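**Student:** got a sequence here, can you build the structure:
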Amino acid sequence: MPDAVIGRFHPGHHIEHAETRCHWRVATHYPHVARAMSRMVGAPMDGLSPAADGYWELVTVSSSVRIVFETADNTSVAFRVASVHDLGVFLFDSGCWDLEEIVGGTTELCTRAAGTTLCELSLQPVLFTTRTGRTVLYIKPAIDVIGTWTSSPAVSA
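**Tutor:** Numbers count the residues shown, from 1 in each chain. This is a model prediction of the structure:
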């Protein structure tokens with residue numbers, strides 16, 4: 001890991017009018033990170049306070065976020081949020097045994113070009129039916145390569 005992790009992204013979803021909407025929950029111990037992320041996701045900080053465990057938590061409106069890939073292993077991805085790149089490194093831990101299985105060869109490609117690959121980290125709802133006939137909703141993380149990272153706002157916005 002190139003820097004200390006300043007926050008974590010967790011998948012979330014809710015069902016509204018029979019439509020599944022995915023979002024990210026961003027958790028951090030640092031108030032300045034919570035403020036910066038609240039500006040980025042458009043969530044007001046008024047009345048927001050840390051939970052009993054000391055974490056500040058924000059919910060994004062979007063199911064995707066542009067990131068600059070750092071390093072990865074089988075179950076986690078380290079990245080910087082492109083629009084607040086200098087803020088620090090975030091982590092996404094997958095509950096899956098093998099994150100590589102979900103995102104294909106993206107992690108290998110991005111790891112080779114760590115710090116220079118602009119990607120989109122997203123959540124996609126997937127419905128499937130079990131052998132017993134029960135329909136189950138699974139929220140699948142995905143990483144798509146957009147291109148080469150540059151700090152130019154025209155490219156990274």
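
**Student:** residues near the closest residue to Ile6 other than its chain neighbours, how many?
**Tutor:** Leaving out its chain neighbours, the residue that sits closest to Ile6 by CB to CB, 6 or more residues apart in numbering is Gly88, at 3.8 Å. All C-beta spots, glycine's among them, are computed from the backbone N, C-alpha and C. By other CB atoms under 10 Å, 19 other residues sit near Gly88.

**Student:** got it, and Pro141?
**Tutor:** 20.

**Student:** and it, how far is that from Arg8?
**Tutor:** Distance from Pro141 to Arg8, counting by CB to CB, to the nearest Å: 13 Å.

**Student:** equivalent analysis for Leu58, please.
**Tutor:** Leu58 sits 12 Å away from Arg8, taking CB to CB as the criterion.

**Student:** surely Ala52 is in a helix?
**Tutor:** No: counting by DSSP: H, G, I helix; E, B strand; the rest coil, one finds Ala52 to be coil, located in no helix.

**Student:** more neighbours: Leu58 and Arg8, which one.
**Tutor:** The residue with more neighbours, out of Leu58 and Arg8, is Leu58; 22 against 17, by other CB under 10 Å.

**Student:** hang on, Arg39 in a helix?
**Tutor:** Yes: counting by three-state DSSP, Arg39 is found in a helix.

**Student:** I'd like to know how many residues surround it.
**Tutor:** Neighbourhood size, Arg39 [other CB under 10 Å]: 13.

**Student:** quick one, grab the pLDDT at it.
**Tutor:** We have a pLDDT of 83 for Arg39.

**Student:** that one: what's it in contact with?
**Tutor:** Neighbour list for Arg39: empty [criterion: CB atoms under 8 Å, 6 or more residues apart in numbering].

**Student:** against Ser63, how distant is it?
**Tutor:** With distances taken as CB to CB, Arg39 is found 19 Å from Ser63.
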